[in-house]
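Sequence first, then the predicted structure, then my questions.
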Amino acid sequence: MNLHAVGSRRREVGGYVPNVARMHNYLLDGKDHYAADRSAVRDLLEHAPELYRLARAERLFLMRGVRWLAWKAGIDQFLDLGCGMPVGRSVHESAAGAAGPGRRPRVVYVDNDPVVVAHGRALLDEGDSVLTVPGDVRDPKRLLRESRVADILDFRRPVAVLCGAVLPHLDGERPGEVVAALRDVLAPGSALLVSHLCGDHAAPHITGMLQEVYATATAPLTLRSREQIAGLFDGFDLPQPGVTDVARWPRTRPPAGRRTITSYGGIARRPGG
């Protein structure tokens, strides 16, 4: 649940407005957050303590997915939409470790938060193979035309687009439009990774409370159904286990019977590769 390259609705003044990127960093036990961010997260955890576990589950799913894409799928280019504050092992480190000796994955990290971009440039960037750029996931065509993105990634070859926990921060039906725009420019064999919070099994007052907290922050939160999340993969080949609990991927898990929030996701390929 970090800012993940979505446009801020509220302007920050001196750190008094909770920032979604920093809130997520706090959930992951990072160090880049202010009192307003910590207070907002404590409000969330009071009513939905599972968010602490889910933040980690989504991050671990992202890392497992990157390793799988680099090792099993042979992809060596990654576009991480909504990278958030650097914390723990990075995408390019995980990809390099899985790719093996002699292979140097190319990674572009994207976020619209200038502080996130500054941190990324200081801690992540590596010459001509790893770059952090400002960008807005709501305007993917403009993002993909960005010269610095094109300098690193060759879209004539397969690219893995990583949407880890970013799409819940888009309103309405925009996630499907964003994914479709990305799909249309990706080469055959490219991949899409998505993780998304799901409220199918949560009590309505809990989901309502989450939305109220995020309404005071720099980006909204929209929980979607498992069916809606599966629809984000339209036009891609989604192999088994399909859309599943990210904590269990690549194994399957039946829908939760308890009334709680969970996170579903999957990894799909663009046909033809």
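Sure thing, it's come through.

Give me the longest helix you can find in this protein.
For the chain, the helix with the greatest residue count under DSSP state H is helix 50-71.

tell me which residues in that one are buried?
Under the neighbour-count criterion of 16 or more other C-beta atoms under 10 Å, helix 50-71 has 50-52, 54-55, 57-59, 61-66, 68-70 buried. Using the backbone N, CA and C atoms, a C-beta is placed for each residue, glycine as well.

do stretch 151-163 as well
By neighbour count on 16+ other C-beta under 10 Å, the buried set for stretch 151-163 is Ile152, Leu153, Arg157, Pro158, Val159, Ala160, Val161, Leu162, Cys163.

now swap in stretch 263-273 and tell me
So, applying 16+ other C-beta under 10 Å, buried residues of stretch 263-273: Ser263, Tyr264, Gly265, Gly266, Ile267, Ala268, Arg269, Arg270, Gly273.

quick one: least confident of the residues you listed?
The lowest pLDDT within these belongs to Gly273, with 63.

Low-confidence ranges, the stretch 101-250 of the chain, go.
Scanning the stretch 101-250 of the chain with the threshold set as pLDDT under 70 gives 172-173.

sorry, back to before: other SSEs contacting the longest helix of the chain?
Helices and strands touching helix 50-71, by 3 or more C-beta pairs under 8 Å, 6 or more residues apart in numbering; DSSP states H and E, are helix 20-27, helix 35-47, helix 91-99, strand 160-164, strand 191-198, strand 262-269.

Touching it from outside, list them.
Residues outside helix 50-71 that contact it (C-beta atoms under 8 Å, 6 or more residues apart in numbering) are 1, 24, 27-28, 44-45, 75-76, 78, 87-89, 91, 94-100, 103, 105, 160, 162, 164-165, 191, 193, 195, 197, 246-247, 249-250, 260-263, 265, 267.

and it, how far out from the chain's middle?
Mean C-alpha position of helix 50-71 versus that of the full chain (C-alpha atoms, centre = their mean, to the nearest Å) differs by 10 Å.

Using PDB, write out the CA atom coordinates for that helix.
Provided in PDB are the C-alpha atoms of helix 50-71 (Å, rounded to 0.1, in the frame of the first residue of the first chain):
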ATOM      1  CA  GLU A  50      -3.700  -8.400   9.200                       C
ATOM      2  CA  LEU A  51      -2.400  -5.500   7.100                       C
ATOM      3  CA  TYR A  52       1.000  -5.800   8.800                       C
ATOM      4  CA  ARG A  53       1.200  -9.400   7.600                       C
ATOM      5  CA  LEU A  54      -0.200  -8.600   4.200                       C
ATOM      6  CA  ALA A  55       2.400  -5.900   3.500                       C
ATOM      7  CA  ARG A  56       5.100  -8.500   4.100                       C
ATOM      8  CA  ALA A  57       3.300 -11.100   2.100                       C
ATOM      9  CA  GLU A  58       3.000  -8.800  -0.900                       C
ATOM     10  CA  ARG A  59       6.700  -7.800  -0.700                       C
ATOM     11  CA  LEU A  60       7.800 -11.500  -0.500                       C
ATOM     12  CA  PHE A  61       5.500 -12.300  -3.400                       C
ATOM     13  CA  LEU A  62       7.100  -9.600  -5.500                       C
ATOM     14  CA  MET A  63      10.600 -10.900  -4.700                       C
ATOM     15  CA  ARG A  64       9.600 -14.500  -5.400                       C
ATOM     16  CA  GLY A  65       8.000 -13.400  -8.700                       C
ATOM     17  CA  VAL A  66      11.000 -11.500  -9.800                       C
ATOM     18  CA  ARG A  67      13.300 -14.500  -9.100                       C
ATOM     19  CA  TRP A  68      10.900 -16.800 -11.000                       C
ATOM     20  CA  LEU A  69      10.700 -14.400 -14.000                       C
ATOM     21  CA  ALA A  70      14.500 -14.100 -14.200                       C
ATOM     22  CA  TRP A  71      15.200 -17.800 -13.700                       C
END
